[in-house]
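Peer 1: I need the structure of the sequence given here:
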Amino acid sequence: MTNSKITVLLSLLLAILWFPSTVQAQYGAPPAQPSGPSLYDQVEKALKKSQLTLPGSQPFHLKFFIAETSKPQSARHAEIEESWLSPTKYRRTIQSPDFSQTLIVNGDAVSEINTGNYYPYWLFEFINAAFDPVPFAAGLKQINARGTAAPSGKNGTACGDVHFRVDRWVICFNHDETFASIFTKSYDATYKDYEKFGNKQVARQILNGPGSDHELVATITELEPLTQPDESLFAVVNPTPPAERISFLSIGEDTMRSLVIGGADIAWPTVVGGQGSGGCGAFVSADRAGNVREAFSAGCDNPGLDEPLRQILLKWKLKAPVVQGVPVQVNSLMGFAFKVQVTPAPPVVELSNDQARQLATNLSEPTFPAGSAPHGTKVEIQISVDDDGKLLGVRNIKNLGATFLPASAAVSHWKFQPYLQDGKAVPFNATIIFTVP
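Peer 2: Residues are numbered from 1 along each chain as shown. Now for the predicted structure:
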């Protein structure tokens, strides 16, 4: 098989996750949508307004930095530089502590020089967020999800929300039809500080995990027209064979399980408190040798199992994933059923809305999607906070619909002082109440 055919095959495999049959098999089909503007149409309009790399877009030179805001010494930081003439002619450099890449694409010729044997998924997320903001757009078109109403007010946002068996896609738009945020259980980008560039509106900041302890922020430091490009920047003298390039392949959970050496059964630990049975979701990313390099929770009915499950997944070893003789990185969003022994937890202090708010700083209120609930509706969610003031989780106690996600997102920004009982810091639960304006 020729190199070009291998490249095409890889591209098809990389895209196949988002075709409807695979989407439905992996996540379960969403309910049929009524007629009217589709979410895909709104996404296409937002991409035309803001995506720098669409065919026919103005050539540009761009630099941005990624840093973990709460941990300046974290290894999760990077510098990215891109000189772009067209979708088939560009040069990109990535510099980070554990991985670096120089990528030159010039028509069918590709040069890719990598330092490090694993392209971190968190870094790949930012590359997508900057240059291909909705990597699942093809699947969105096929499922024909309903669009969202226009935001209320200049600072408001409106969100389209599509639920699957395992995953969830939430796309929020600003009043000017640009992206406010894009969320799936394996991809997360929030766009801030838009400024005009040519005929585009481009976000100068992109956030991943906003408000969490591991928030990452990409900040554009240079964005300028590329009016007199140096053609030597795009010269590919020695093309890189596909086997030496790093490709990503998103696979279904059944396929991921079939690759696990020794089987994918989970030895669940005993936990303190919480449900004894239910389900957990997790995202898993493995390198080309089959080593799991990243795993993170996508939600668990018993939050006490989130970290034990992550540690178990990080110890998995896979059969080396290979497509037509070419090693690939693989990732998968997976679901796990659990049945565990539960040790009764000591009683947890229950605080009122007012008591919890008195302990909180960095308070922010949610922006509810237009039409999500009538004016004056009380939106109640339950939070769990540990003895050092860390937010452990948010529960949808009232089975809320479209109002739960913005309420949960707002609380995720809050910081809490420890709650003292008899002079000792103790965990607490609280019901937080918001009112739809």
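Peer 1: Against Leu400, how distant is the residue nearest to Leu363 when sequence neighbours are not counted?
Peer 2: Distances taken as C-beta to C-beta, 6 or more residues apart in numbering put Trp414 closest to Leu363, at 6.0 Å, once the chain neighbours are dropped. All C-beta atoms are positioned from the backbone trio N, CA, C, and that covers glycine. Trp414 sits 18 Å away from Leu400, going by C-beta to C-beta, to the nearest Å.
Peer 1: how near is the closest residue to Gln329 other than its chain neighbours to Tyr121?
Peer 2: Nearest residue to Gln329 in three dimensions, chain neighbours excluded: Phe248, at 5.2 Å (C-beta to C-beta, 6+ apart). Going from Phe248 to Tyr121 by C-beta to C-beta gives 8 Å.
Peer 1: correct me, but Ile171 touches Glu44?
Peer 2: No - look at Ile171 against Glu44 with C-beta atoms under 8 Å: they stay out of range, at 11.6 Å.
Peer 1: out of those two, which sits in the busier spot?
Peer 2: Ranked by neighbour count (other C-beta atoms under 10 Å), Ile171 and Glu44 place Ile171 first, with 27 against 16.
Peer 1: list the helices and strands the strand or helix carrying the more buried one packs on?
Peer 2: Here Ile171 sits within strand 168-174, counting by DSSP states H and E. Packing partners of strand 168-174 (3 or more C-beta pairs under 8 Å, 6 or more residues apart in numbering; DSSP states H and E): helix 39-50, strand 157-163, strand 179-184.
Peer 1: any idea which of these scores lowest on pLDDT?
Peer 2: Mean pLDDT is lowest for strand 157-163 out of the helices and strands packed on strand 168-174, coming in at a mean of 84.
Peer 1: Let me see the confidence value for Ile171.
Peer 2: pLDDT, Ile171: 90.
Peer 1: And it, how far from Ile206?
Peer 2: As judged by C-beta to C-beta, Ile171 and Ile206 stand 15 Å apart.
Peer 1: Next: Gln101.
Peer 2: Going from Gln101 to Ile206 by C-beta to C-beta gives 19 Å.
Peer 1: swap in Leu313?
Peer 2: Using C-beta to C-beta, Leu313 is found at 27 Å from Ile206.
Peer 1: Kindly report the same for Phe404.
Peer 2: Taking C-beta to C-beta, one finds Phe404 at 24 Å from Ile206.
Peer 1: Might you report the residue contacts of the residue nearest to Gln329?
Peer 2: Phe248 makes contacts with Leu14, Tyr119, Phe124, Val328, Gln329, Val330, Asn331, as judged by C-beta atoms under 8 Å, 6 or more residues apart in numbering.
Peer 1: For it, give me the pLDDT.
Peer 2: 89.
Peer 1: Leu123 looks like it's in a strand, true?
Peer 2: No - with DSSP: H, G, I helix; E, B strand; the rest coil as the criterion, Leu123 is helix rather than part of a strand.
Peer 1: wait, what's in contact with it?
Peer 2: Neighbour list for Leu123: Ile66, Ala78, Ile94, Ser96, Phe99 [criterion: C-beta under 8 Å, 6+ apart].
Peer 1: can you map out the helices along this protein?
Peer 2: Applying DSSP state H to the chain gives helices spanning 3-16, 20-27, 39-50, 121-131, 137-143, 253-259, 306-314, 353-359, 404-411.
Peer 1: For Asp287, which of these is the nearest?
Peer 2: helix 121-131 (10.3 Å; C-beta to C-beta).
Peer 1: just how off-centre is that closest one within its chain?
Peer 2: Averaging C-alpha positions (C-alpha atoms, centre = their mean, to the nearest Å) puts helix 121-131 9 Å from its chain's average.
Peer 1: residues of it that come out buried?
Peer 2: Neighbour counts over helix 121-131 (16 or more other C-beta atoms under 10 Å) mark Tyr121, Trp122, Leu123, Phe124, Glu125, Phe126, Ile127, Asn128, Ala129, Ala130, Phe131 as buried.
Peer 1: quick check, nearest of those residues to Gly278?
Peer 2: Looking across these and measuring by C-beta to C-beta, the closest to Gly278 is Tyr121, at 26.1 Å.
Peer 1: how near is the closest residue to the closest one other than its chain neighbours to Asp41?
Peer 2: With C-beta to C-beta, 6+ apart as the criterion, Tyr121 has its nearest non-adjacent residue at 4.3 Å, and that residue is Ser285. Applying C-beta to C-beta, the value for Ser285 to Asp41 is 32 Å.
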